[in-house]
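J.: could you look at this predicted model? Sequence included:
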Amino acid sequence: MAYRKTLKLVCGLAGGSALVVAAVTAQSQGFLGGGKRGDGDGSWSRFPAIKAAQPAWSPASHTPAPSGHFWDFNWDKRDPSALVNGKKKESVTDDPSSEQENGKPKATRNILLIRHSQYNLSGSTDKERFLTPLGREQAEFTGQRLAALGLKYDVLIHSSMTRATETAGIISKHLPDVDLVSCDLLREGAPIEPVPPVTHWKPDAVQYHEDGARIEAAFRRYIHRADTKQKEDSFEIIVCHANVIRYFVCRALQFPPEGWLRMGLNNASITWLTIRPSGRVALRTLGDSGFIPPDKLTRT
(Lines give C-alpha, C1' and ligand atoms only; values in the text may rest on other atoms or scores of the structure.)
Protein backbone atom coordinates (compact mmCIF):
# COMPACT_ATOMS: atom_id res chain seq x y z
CA MET A 1 0.00 0.00 0.00
CA ALA A 2 2.80 2.42 0.91
CA TYR A 3 4.49 1.60 -2.40
CA ARG A 4 1.32 2.48 -4.38
CA LYS A 5 0.93 5.83 -2.58
CA THR A 6 4.54 6.68 -3.28
CA LEU A 7 4.20 5.66 -6.93
CA LYS A 8 1.13 7.89 -7.35
CA LEU A 9 3.08 10.86 -6.06
CA VAL A 10 5.97 10.09 -8.39
CA CYS A 11 3.59 9.73 -11.34
CA GLY A 12 2.40 13.32 -10.91
CA LEU A 13 -0.65 13.23 -8.65
CA ALA A 14 1.31 15.50 -6.29
CA GLY A 15 3.15 18.51 -7.62
CA GLY A 16 6.27 20.57 -7.07
CA SER A 17 8.40 19.78 -4.07
CA ALA A 18 6.07 16.95 -2.99
CA LEU A 19 7.26 14.94 -6.00
CA VAL A 20 10.87 15.09 -4.92
CA VAL A 21 10.04 14.57 -1.23
CA ALA A 22 8.00 11.47 -2.07
CA ALA A 23 10.77 10.05 -4.19
CA VAL A 24 13.35 10.64 -1.48
CA THR A 25 11.08 8.95 1.07
CA ALA A 26 10.49 6.01 -1.23
CA GLN A 27 14.17 5.59 -1.89
CA SER A 28 15.06 5.74 1.80
CA GLN A 29 12.55 2.93 2.45
CA GLY A 30 13.88 0.80 -0.39
CA PHE A 31 10.86 1.14 -2.68
CA LEU A 32 12.92 2.38 -5.60
CA GLY A 33 15.70 -0.14 -5.22
CA GLY A 34 19.15 0.40 -6.72
CA GLY A 35 22.08 2.05 -5.07
CA LYS A 36 22.42 3.92 -1.86
CA ARG A 37 20.64 7.15 -1.00
CA GLY A 38 22.16 10.01 -2.99
CA ASP A 39 23.63 7.68 -5.62
CA GLY A 40 23.62 9.81 -8.77
CA ASP A 41 23.59 6.87 -11.17
CA GLY A 42 21.28 4.60 -9.17
CA SER A 43 17.57 4.86 -8.57
CA TRP A 44 17.31 8.53 -9.61
CA SER A 45 18.11 7.58 -13.21
CA ARG A 46 14.86 5.62 -13.38
CA PHE A 47 12.91 8.86 -13.05
CA PRO A 48 14.32 11.47 -15.47
CA ALA A 49 11.85 14.15 -14.33
CA ILE A 50 13.04 13.87 -10.74
CA LYS A 51 16.67 13.85 -11.78
CA ALA A 52 16.16 16.96 -13.91
CA ALA A 53 14.50 18.75 -10.99
CA GLN A 54 17.75 18.55 -9.03
CA PRO A 55 20.18 21.09 -10.49
CA ALA A 56 23.87 20.66 -9.95
CA TRP A 57 24.91 22.47 -6.79
CA SER A 58 28.18 24.01 -5.83
CA PRO A 59 29.05 26.80 -3.36
CA ALA A 60 30.19 29.02 -6.21
CA SER A 61 26.91 28.77 -8.12
CA HIS A 62 24.78 29.60 -5.08
CA THR A 63 26.77 32.50 -3.66
CA PRO A 64 25.67 35.92 -4.97
CA ALA A 65 28.50 38.04 -6.28
CA PRO A 66 29.13 41.25 -4.29
CA SER A 67 27.59 44.29 -5.93
CA GLY A 68 30.63 46.41 -5.24
CA HIS A 69 28.51 49.05 -3.48
CA PHE A 70 29.50 49.79 0.10
CA TRP A 71 27.44 51.55 2.76
CA ASP A 72 28.07 55.27 2.84
CA PHE A 73 27.88 56.28 6.50
CA ASN A 74 27.92 59.93 5.51
CA TRP A 75 24.88 59.61 3.21
CA ASP A 76 23.10 62.44 5.06
CA LYS A 77 26.25 64.57 5.35
CA ARG A 78 26.05 64.39 9.15
CA ASP A 79 28.82 61.94 9.91
CA PRO A 80 30.63 63.29 13.00
CA SER A 81 33.97 62.21 11.53
CA ALA A 82 33.44 64.84 8.82
CA LEU A 83 31.68 67.42 10.95
CA VAL A 84 32.47 69.05 14.27
CA ASN A 85 29.66 70.98 15.93
CA GLY A 86 27.87 71.24 12.60
CA LYS A 87 30.83 72.73 10.74
CA LYS A 88 33.38 71.17 8.45
CA LYS A 89 36.50 70.17 10.31
CA GLU A 90 39.31 72.49 9.24
CA SER A 91 41.80 72.46 12.09
CA VAL A 92 42.88 70.11 14.86
CA THR A 93 42.17 71.23 18.43
CA ASP A 94 44.06 70.26 21.59
CA ASP A 95 41.68 67.35 22.06
CA PRO A 96 39.99 66.59 18.71
CA SER A 97 38.72 63.19 19.83
CA SER A 98 36.80 64.77 22.72
CA GLU A 99 35.32 67.42 20.45
CA GLN A 100 34.26 64.80 17.94
CA GLU A 101 32.70 62.65 20.67
CA ASN A 102 30.63 65.60 21.87
CA GLY A 103 29.46 66.16 18.32
CA LYS A 104 28.10 62.65 17.83
CA PRO A 105 24.32 62.12 17.66
CA LYS A 106 23.01 60.10 20.60
CA ALA A 107 19.37 59.47 19.66
CA THR A 108 17.60 57.25 17.13
CA ARG A 109 14.98 58.65 14.80
CA ASN A 110 11.92 56.55 13.93
CA ILE A 111 9.98 57.77 10.92
CA LEU A 112 6.57 56.25 10.23
CA LEU A 113 5.52 56.92 6.65
CA ILE A 114 1.76 56.61 6.10
CA ARG A 115 0.22 56.36 2.67
CA HIS A 116 -3.05 58.30 2.36
CA SER A 117 -6.34 56.41 2.32
CA GLN A 118 -8.49 55.58 -0.70
CA TYR A 119 -9.75 58.70 -2.49
CA ASN A 120 -12.14 59.73 -5.25
CA LEU A 121 -10.32 58.72 -8.44
CA SER A 122 -12.81 60.49 -10.69
CA GLY A 123 -11.86 63.92 -9.35
CA SER A 124 -10.20 66.19 -11.90
CA THR A 125 -8.64 68.57 -9.37
CA ASP A 126 -6.90 68.02 -6.06
CA LYS A 127 -9.89 69.34 -4.09
CA GLU A 128 -12.14 66.83 -5.82
CA ARG A 129 -9.85 63.94 -4.91
CA PHE A 130 -11.14 63.69 -1.37
CA LEU A 131 -11.37 60.49 0.67
CA THR A 132 -14.11 57.99 -0.04
CA PRO A 133 -16.20 56.62 2.85
CA LEU A 134 -13.98 53.53 2.76
CA GLY A 135 -10.91 55.74 2.75
CA ARG A 136 -12.07 57.53 5.87
CA GLU A 137 -12.64 54.17 7.53
CA GLN A 138 -9.13 53.07 6.55
CA ALA A 139 -7.67 56.19 8.15
CA GLU A 140 -9.55 55.39 11.36
CA PHE A 141 -7.91 51.96 11.46
CA THR A 142 -4.49 53.52 10.96
CA GLY A 143 -5.10 56.09 13.69
CA GLN A 144 -6.17 53.34 16.07
CA ARG A 145 -3.08 51.31 15.20
CA LEU A 146 -0.70 54.21 15.78
CA ALA A 147 -2.35 54.99 19.10
CA ALA A 148 -2.24 51.33 20.16
CA LEU A 149 1.53 51.23 19.61
CA GLY A 150 1.84 53.48 22.65
CA LEU A 151 4.71 55.53 21.23
CA LYS A 152 5.50 59.11 22.14
CA TYR A 153 5.06 60.84 18.80
CA ASP A 154 6.81 64.15 18.28
CA VAL A 155 5.00 65.49 15.23
CA LEU A 156 2.54 64.51 12.47
CA ILE A 157 3.63 65.97 9.14
CA HIS A 158 1.46 65.62 6.05
CA SER A 159 1.42 66.44 2.38
CA SER A 160 -0.69 69.48 1.53
CA MET A 161 -2.75 67.50 -1.01
CA THR A 162 -6.38 66.93 -0.04
CA ARG A 163 -6.28 63.15 0.36
CA ALA A 164 -3.20 63.28 2.59
CA THR A 165 -4.51 66.22 4.62
CA GLU A 166 -7.80 64.43 5.29
CA THR A 167 -6.03 61.20 6.19
CA ALA A 168 -3.78 63.05 8.64
CA GLY A 169 -6.78 64.84 10.16
CA ILE A 170 -8.54 61.55 10.91
CA ILE A 171 -5.36 60.00 12.34
CA SER A 172 -4.86 63.11 14.46
CA LYS A 173 -8.13 62.47 16.31
CA HIS A 174 -6.50 59.38 17.79
CA LEU A 175 -3.32 61.34 18.67
CA PRO A 176 -4.75 64.59 20.05
CA ASP A 177 -1.52 65.79 21.64
CA VAL A 178 0.59 65.56 18.47
CA ASP A 179 1.07 68.71 16.40
CA LEU A 180 -0.06 68.71 12.76
CA VAL A 181 2.26 70.26 10.17
CA SER A 182 1.55 70.62 6.43
CA CYS A 183 4.35 70.47 3.84
CA ASP A 184 4.20 71.13 0.07
CA LEU A 185 7.42 69.18 -0.55
CA LEU A 186 5.60 65.94 0.26
CA ARG A 187 3.05 66.26 -2.55
CA GLU A 188 2.72 63.33 -4.95
CA GLY A 189 4.78 63.28 -8.12
CA ALA A 190 7.21 61.46 -10.39
CA PRO A 191 10.48 61.13 -8.44
CA ILE A 192 12.66 59.49 -11.09
CA GLU A 193 12.08 57.48 -14.25
CA PRO A 194 11.48 53.87 -13.13
CA VAL A 195 13.52 50.89 -14.28
CA PRO A 196 12.16 48.73 -15.80
CA PRO A 197 9.79 51.17 -17.53
CA VAL A 198 6.02 50.77 -17.45
CA THR A 199 3.57 51.44 -20.26
CA HIS A 200 0.54 52.61 -18.27
CA TRP A 201 2.23 55.66 -16.71
CA LYS A 202 4.63 57.86 -18.65
CA PRO A 203 5.26 61.35 -17.26
CA ASP A 204 7.29 63.61 -19.51
CA ALA A 205 10.87 64.61 -18.80
CA VAL A 206 9.84 67.99 -17.38
CA GLN A 207 7.68 66.35 -14.70
CA TYR A 208 10.51 64.06 -13.61
CA HIS A 209 12.85 67.05 -13.54
CA GLU A 210 10.54 69.21 -11.41
CA ASP A 211 8.96 66.56 -9.16
CA GLY A 212 12.23 64.72 -8.71
CA ALA A 213 13.99 67.78 -7.34
CA ARG A 214 11.12 68.54 -4.95
CA ILE A 215 10.81 64.97 -3.65
CA GLU A 216 14.58 64.73 -3.22
CA ALA A 217 14.43 67.99 -1.23
CA ALA A 218 11.75 66.41 0.98
CA PHE A 219 13.97 63.39 1.51
CA ARG A 220 16.89 65.57 2.60
CA ARG A 221 14.68 67.56 4.94
CA TYR A 222 13.06 64.64 6.73
CA ILE A 223 15.22 61.54 6.30
CA HIS A 224 18.49 61.88 8.20
CA ARG A 225 20.05 60.96 11.52
CA ALA A 226 19.21 62.86 14.69
CA ASP A 227 20.70 66.24 15.48
CA THR A 228 23.45 66.24 18.07
CA LYS A 229 21.20 68.22 20.42
CA GLN A 230 18.54 65.51 20.42
CA LYS A 231 18.84 63.47 23.61
CA GLU A 232 15.93 61.02 23.34
CA ASP A 233 14.72 58.73 20.58
CA SER A 234 12.02 60.33 18.44
CA PHE A 235 8.94 59.05 16.60
CA GLU A 236 7.69 61.13 13.70
CA ILE A 237 4.69 60.45 11.47
CA ILE A 238 4.66 61.55 7.84
CA VAL A 239 1.42 61.14 5.87
CA CYS A 240 2.07 61.38 2.14
CA HIS A 241 1.93 59.34 -1.07
CA ALA A 242 3.05 56.00 -2.48
CA ASN A 243 5.60 57.40 -4.94
CA VAL A 244 7.16 59.58 -2.27
CA ILE A 245 7.35 56.77 0.28
CA ARG A 246 8.83 54.26 -2.16
CA TYR A 247 11.46 56.75 -3.28
CA PHE A 248 12.32 57.56 0.35
CA VAL A 249 12.79 53.86 1.13
CA CYS A 250 15.14 53.32 -1.81
CA ARG A 251 17.20 56.40 -0.97
CA ALA A 252 17.36 55.64 2.75
CA LEU A 253 18.50 52.05 2.18
CA GLN A 254 20.95 53.18 -0.53
CA PHE A 255 19.19 51.06 -3.12
CA PRO A 256 19.04 52.27 -6.73
CA PRO A 257 16.29 54.94 -6.57
CA GLU A 258 15.02 54.03 -10.03
CA GLY A 259 13.69 50.79 -8.49
CA TRP A 260 11.00 52.62 -6.50
CA LEU A 261 8.10 51.42 -8.67
CA ARG A 262 8.88 47.76 -7.97
CA MET A 263 7.20 48.10 -4.55
CA GLY A 264 3.47 48.25 -3.88
CA LEU A 265 1.75 49.93 -0.92
CA ASN A 266 -1.81 49.56 0.31
CA ASN A 267 -3.81 52.64 1.22
CA ALA A 268 -3.38 53.80 4.82
CA SER A 269 -0.42 51.43 5.31
CA ILE A 270 2.55 52.05 7.59
CA THR A 271 6.20 52.02 6.49
CA TRP A 272 8.67 52.35 9.36
CA LEU A 273 12.25 53.56 8.95
CA THR A 274 14.75 53.63 11.80
CA ILE A 275 17.86 55.81 11.56
CA ARG A 276 20.61 55.15 14.09
CA PRO A 277 23.09 57.76 15.33
CA SER A 278 25.82 55.93 13.40
CA GLY A 279 23.99 56.53 10.12
CA ARG A 280 22.74 52.97 9.80
CA VAL A 281 19.20 52.65 8.47
CA ALA A 282 16.74 49.81 8.97
CA LEU A 283 13.36 49.21 7.35
CA ARG A 284 11.19 47.80 10.13
CA THR A 285 8.02 47.52 8.08
CA LEU A 286 7.08 48.20 4.46
CA GLY A 287 3.43 48.90 3.75
CA ASP A 288 2.11 47.23 6.91
CA SER A 289 -1.68 47.03 6.69
CA GLY A 290 -2.39 43.93 8.75
CA PHE A 291 -4.48 46.02 11.14
CA ILE A 292 -7.02 46.74 8.37
CA PRO A 293 -9.66 44.03 7.71
CA PRO A 294 -8.96 42.20 4.43
CA ASP A 295 -12.26 43.27 2.87
CA LYS A 296 -11.33 46.92 3.40
CA LEU A 297 -7.86 46.84 1.80
CA THR A 298 -7.24 48.85 -1.37
CA ARG A 299 -4.21 50.02 -3.32
CA THR A 300 -5.65 52.72 -5.60
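T.: Now that the structure is in, tell me what you want to look at. Numbers count the residues shown, from 1 in each chain.
J.: which is the next helix or strand following the top helix by length along the chain?
T.: The longest helix of the chain (DSSP state H) is helix 205-222. As assigned by DSSP states H and E, the chain's next helix or strand after helix 205-222 is strand 234-240.
J.: that following strand - what's its average pLDDT?
T.: Strand 234-240 carries an average pLDDT of 98.
J.: that strand: what's the following helix or strand?
T.: helix 242-252.
J.: can you list the buried residues in the helix or strand that that next one is followed by?
T.: Per DSSP H and E, the first helix or strand lying C-terminal to helix 242-252 is strand 270-275. Under the neighbour-count criterion of 16 or more other C-beta atoms under 10 Å, strand 270-275 has Ile270, Thr271, Trp272, Leu273, Ile275 buried. No exception for glycine: its C-beta is placed from N, CA and C like everyone else's.
J.: just for the chain, where's the confidence low?
T.: 1-57, 59-61, 83-102 (pLDDT under 70).
J.: which residue ranges of it form helices?
T.: 2-8, 17-28, 48-52, 96-102, 133-148, 162-174, 205-222, 242-252.
J.: and the spatially closest residue to Lys173 that is not a sequence neighbour, what does it touch?
T.: Leaving aside its sequence neighbours, Lys173 sits nearest to Gly143 (C-beta to C-beta, 6 or more residues apart in numbering; 6.3 Å). Residues in contact with Gly143 (C-beta atoms under 8 Å, 6 or more residues apart in numbering) are Ile170, Ile171, Ser172, Lys173, His174, Leu175.
J.: need the nearest residue in space to Trp272, chain neighbours excluded.
T.: That would be Arg284: by C-beta to C-beta, 6+ apart, it lies 4.0 Å from Trp272.
J.: my guess is the one you found meets Leu253, correct?
T.: No: if you go by C-beta atoms under 8 Å, Arg284 and Leu253 don't touch, sitting 11.9 Å apart.
J.: any residues in contact with both of the two?
T.: Contacts common to Arg284 and Leu253, judged by C-beta under 8 Å, 6+ apart, are absent.
J.: what are the ranges of the strands in the stretch 51-200 of the chain?
T.: Assigned by DSSP state E, counting those that start in this stretch, the stretch 51-200 of the chain shows strands spanning 83-84, 87-88, 109-115, 155-159, 180-183.
J.: give me whichever of the ones you listed is most buried.
T.: Among the strands of the stretch 51-200 of the chain, strand 109-115 has the highest mean neighbour count (mean count of other C-beta atoms under 10 Å), at a mean of 24.
J.: what's the neighbour count on Ala268?
T.: Ala268: 32 surrounding residues under other C-beta atoms under 10 Å.
J.: measure the nearest residue to it once chain neighbours are set aside to Lys229 for me?
T.: Closest residue in space to Ala268, ignoring its immediate chain neighbours: Gln138 at 3.8 Å, by C-beta to C-beta, 6+ apart. Going from Gln138 to Lys229 by C-beta to C-beta, to the nearest Å gives 37 Å.
J.: and these two? Which one has more around it.
T.: Legend: neighbour count by other C-beta under 10 Å for Gln138 and Lys229, higher for Gln138 (28 against 9).
J.: picking up where we left off before, most neighbours among the contacts of Gly143, which one is it?
T.: Going by other C-beta under 10 Å, Ile171 tops those with 27 neighbours.
J.: check contacts around that residue.
T.: Residues near Ile171 by C-beta under 8 Å, 6+ apart: Ile114, Ala139, Thr142, Gly143, Leu146, Leu156, Ile237, Val239.
J.: out of these, flag the one nearest to Glu188.
T.: Nearest to Glu188, judged by C-beta to C-beta, of those is Val239 at 11.9 Å.
J.: number of nearby residues for that closest one?
T.: Using other C-beta under 10 Å, Val239 has 33 other residues around it.
J.: ok, it touching Ser160?
T.: No: between Val239 and Ser160 there is no contact under C-beta under 8 Å: 10.7 Å.
J.: the closest residue in space to Asp233 that isn't next to it in sequence: what's it in contact with?
T.: Leaving aside its sequence neighbours, Asp233 sits nearest to Thr108 (C-beta to C-beta, 6+ apart; 4.6 Å). Residues in contact with Thr108 (C-beta under 8 Å, 6+ apart) are Ala226, Asp233, Ser234, Thr274, Ile275, Arg276, Pro277.
J.: ranking those by neighbours, who comes first?
T.: Among the contacts of Thr108, Ile275 has the most neighbours (other C-beta under 10 Å), with 23 neighbours.
J.: quick check, that residue in contact with Ile223.
T.: Yes: taking C-beta under 8 Å as the definition, Ile275 is a contact partner of Ile223 at 7.2 Å.
J.: ok, the contacts of Gly143 vs Pro257, which is closest?
T.: Comparing the contacts of Gly143 against Pro257 with C-beta to C-beta places Ile171 closest, at 27.5 Å.
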